[in-house]
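In: Dropping a prediction and its sequence here:
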Amino acid sequence: MIYDHFCAGTNKLEIKKTLDYLKIMGFKGVILIYSREIPAMPVEALIELEPLTQDEDIDIWRDGNVKTLDMVEPGDYVGIK
């Protein structure tokens, strides 16, 4: 329940389904915020990962936020972090 409240989904279809459900419950709008998570793994595995460049990180952040903007409907908000 708590996770569903904070994570609307991992793709556009899942997010649309969650937003429709929240609006059926009576919410007039939602706040969408793009977030990126990495899978939990041992510290040793993290050390072995190839780090992203700063430009790659910025590109991923920008693209995620643009996709989030595409899901906003009237009455909704977008949070940028």
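Out: Yep, that arrived.
In: Counting residues, name the longest helix you see in this protein.
Out: helix 54-69 (DSSP state H).
In: so which helix or strand takes in the nearest residue to Val72 once chain neighbours are set aside?
Out: Distances taken as CB to CB, 6 or more residues apart in numbering put Val78 closest to Val72, at 5.7 Å, once the chain neighbours are dropped. (Glycine included, C-beta is placed from N, CA and C.) According to DSSP states H and E, Val78 maps onto strand 77-79.
In: Check the offset of that strand from the chain's centre.
Out: Between the mean C-alpha location of strand 77-79 and the chain-wide mean there is a distance of 11 Å, by CA atoms, centre = their mean, to the nearest Å.
In: Which elements pack onto it?
Out: strand 31-33, helix 54-69 (3 or more CB pairs under 8 Å, 6 or more residues apart in numbering; DSSP states H and E).
In: can you list the weak-confidence ranges in this protein?
Out: 1-5, 38-39, 46 (pLDDT under 70).
In: Residue most distant from the centroid, it?
Out: Going by CA atoms, centre = their mean, the residue of the chain most distant from its centre is Glu44, 26.8 Å out.
In: Just give me the residue closest to the centre of this protein.
Out: Short answer for the chain (CA atoms, centre = their mean): Tyr34, at 3.5 Å.
In: Tell me which residues touch that residue, please.
Out: Trp61, Gly64, Asn65, Lys67, Thr68 (CB atoms under 8 Å, 6 or more residues apart in numbering).
In: Report the separation between the fourth one and Ile60.
Out: When distances are taken as CB to CB, to the nearest Å, Lys67 and Ile60 turn out to be 11 Å apart.
In: and for stretch 57-66, what are the contacting residues?
Out: Residues contacting stretch 57-66 (CB under 8 Å, 6+ apart): Tyr34, Arg36, Leu52, Val78, Ile80.
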